[in-house]
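**Student:** what's the 3D shape of this:
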Amino acid sequence: MPANSFINFGTDLTTGESVQAARLGSAGWIELDDWSWDIEADHSNLKGTGAAVGKPNPGTLNFTHSFDLSSPIIMNKIVQGTFFATVKIDMLKQTGADQPQQFFQIVMGNVFITKVSTKGGEDGAVTQDVDMVFKEVSVGYKAQNPDGTLDKAPLQFNWNIAQMNLSVANATVSFT
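**Tutor:** Okay, the predicted model is just below:
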């Protein structure tokens, strides 16, 4: 089954290994096995109504992928202490169109790798788990309509984490 989750490291990695027609490796796309990201706010059952208190804390975004062309570059970034200017994750789904359609995108700016774990399986597969943090993020989502098509304009969330405001200048969602 073709992948539906992809990551792109911008100008830091110009060739990936994806063979999915919608996100080719020749354009720098890497297939992901899974990924996750969380935002957490301190909370208290003793203060007020028990709602969140204090400012939100962005968690690390972590992903798993097969060891590929991006793996040594990712390891170099953590060892050198340098960052990726822009990283994108695209999610695709079948909508009845000829090719899977992009319904979700997360774009991160000033991305630092904070952890890399490489592991091998009994089946001979080598995978890499990567954790990263970033200074700005933009998330876009297109809802699917009853007829299977996607909304034209994505709903967006934009957060400049470094400045702790909901206005991002550089990391912006751009659906293709």
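**Student:** let me know whether residue 133 touches residue 111 as I believe.
**Tutor:** Yes - between residue 133 and residue 111 there is a contact under C-beta atoms under 8 Å: 7.4 Å. Backbone N, C-alpha and C define where each C-beta goes, glycine included.
**Student:** looking at those two now, which is surrounded by more residues?
**Tutor:** Ranked by neighbour count (other C-beta atoms under 10 Å), residue 133 and residue 111 place residue 111 first, with 24 against 18.
**Student:** secondary structure element for that one?
**Tutor:** Under the criterion of DSSP states H and E, residue 111 resides in strand 101-120.
**Student:** so where do the helices sit in this structure?
**Tutor:** Remark: helices assigned in the chain by DSSP state H are 70-80.
**Student:** work out which residue lies at the spatial centre of this structure.
**Tutor:** residue 89 (3.6 Å; C-alpha atoms, centre = their mean).
**Student:** what angle do the strand holding residue 111 and helix 70-80 make?
**Tutor:** For strand 101-120 against helix 70-80, the angle by axes from the mean of the first three to the mean of the last three C-alpha atoms, to 10 degrees is 70 degrees.
**Student:** so which bits of the helix or strand of the chain with the lowest mean pLDDT are buried?
**Tutor:** Lowest by mean pLDDT, DSSP states H and E among the helices and strands of the chain is strand 52-58, with a mean of 79. Neighbour-count burial for strand 52-58 flags residue 58 (criterion: 16 or more other C-beta atoms under 10 Å).
**Student:** just checking: what are the partner strands of it?
**Tutor:** Strand 52-58 has the following strand partners under DSSP bridges: strand 39-43 (antiparallel).
**Student:** residue 103 is in contact with residue 144, isn't it?
**Tutor:** Yes - Residue 103 lies in contact with residue 144 (C-beta under 8 Å); the separation is 6.8 Å.
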